[in-house]
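Student: Sequence and predicted model, in that order:
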Amino acid sequence: MTFRGVYVPLITPFTEDGEVAVEALDGLARAVLDEGAAGLVALGTTAEVAMLAGEERQAIIEVCAKACQERGATLVVGAGTSDTRGSVEALRGLKDQADAALVTVPSFVRPSEAGVLAHFTVLAEQSPVPLIVYNIPYRTGQSVGADTLRRLGELPMVTGVKHAVGGVDQDTVTLLADLPEDFAVLAGDDPFFSALLALGASGGILASAHLRTGRFVELVEAWSSGDVAHARALGHRLSAMSASLFAEPNPTVVKGVLHARGLIPTASVRLPLLPASQASIEAAARLL
């Protein structure tokens, strides 16, 4: 598969009694796709996936799959654990449910880069769907360099990387300067989306794109068409907005703004997360 454009990792909206607000989720899914998102990511970090029960996860996949099927969009589902065998089982469960899987570099155990490569080699051999590697060292404790990412990109079933290293470092520049064929780099740190597009990234998986989805899509098109002046100006504005949405732990501010705009029934999150402060919500809303 070729990944290009904006993919929205959907939040999980909750009702007043703490259940998954299925109708609100469906509305969000359709709204971002109607604004031009290339696809959805279900069960990502933004979905509070660690705090969801098995039946809730399945319901979320079904809602997102239906919206994507009706609009010809791509569905990516977060899957996998720090255990290779467990990750294989999770991926097998996605057969006929997803177009691709977003799989985080093993966290907490902190394998060597050779271990990361061996982990994904096994997954690529046994997964029924293409894989997007989720490289986010500030959550996993494991940094994966450009050379290893290239080798991962050469595996037949690895189609891209969600690259979220907290900035634009030397490995980011080195990787984008020499990509494997048909290997997509998708920005995962929202404030640096425009910078990565300028360096050659093909798109992004962006929690901020719940809001002003069409403007993020416009940014991809501007860099792609060479409209540098417009891309630079728009990128600065979207970067400022994105930074405000991450002023407190994700997805608390995003949920607060969505609730303030009447798009979800509550701004509730599940412990250990706490709702965002009103000050952070109002600051982000002003930048919209």
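Tutor: Received, thanks.
Student: gap between the strand or helix carrying Val122 and the chain center?
Tutor: Following DSSP states H and E, one finds Val122 within helix 113-126. From the chain centre to the centre of helix 113-126 is a distance of 21 Å (C-alpha atoms, centre = their mean, to the nearest Å).
Student: Please name every helix or strand in contact with the very next helix or strand once past it.
Tutor: The helix or strand immediately downstream of helix 113-126 is strand 131-135, counting by DSSP H and E. Contacts defined by 3 or more C-beta pairs under 8 Å, 6 or more residues apart in numbering; DSSP states H and E place strand 131-135 against strand 100-104, helix 113-126, helix 146-153, strand 158-163. Every C-beta, even on glycine, is put in place using the N, C-alpha and C of the backbone.
Student: angle of strand 131-135 against strand 158-163?
Tutor: 20 degrees (axes from the mean of the first three to the mean of the last three C-alpha atoms, to 10 degrees).
Student: Could I get the contacting residues of the most centrally placed residue in the chain?
Tutor: Centroid check for the chain by C-alpha atoms, centre = their mean gives Ile205 as the closest residue, at 3.6 Å. Going by C-beta atoms under 8 Å, 6 or more residues apart in numbering, Ile205 touches 7-9, 41, 44, 76, 102, 162, 186-188.
Student: list the buried ones in the lowest-mean-pLDDT helix or strand in the chain?
Tutor: Ranking every helix and strand in the chain by mean pLDDT, DSSP states H and E puts helix 137-140 at the bottom, with a mean of 93. Neighbour counts using 16 or more other C-beta atoms under 10 Å place 137, 140 of helix 137-140 among the buried residues.
Student: which residues are contacting that helix?
Tutor: Contacts of helix 137-140 (C-beta under 8 Å, 6+ apart): 45, 104-108, 110, 143-144, 164-166.
Student: Return the closest of the contacts of Ile205 with respect to Ala209.
Tutor: Nearest to Ala209 among these, counting by C-beta to C-beta, is Val8 at 4.9 Å.
Student: Specify the beta-bridge partners of that closest one.
Tutor: Beta bridges link Val8 to Leu40 when assigned by DSSP bridges.
Student: in this structure, which spans are helices?
Tutor: Ranges of helices within the chain are 22-34, 54-71, 84-92, 113-126, 137-140, 146-153, 170-177, 193-199, 213-225, 228-245, 252-260, 278-286, based on DSSP state H.
Student: What count of nearby residues applies to Arg85?
Tutor: 9 (other C-beta atoms under 10 Å).
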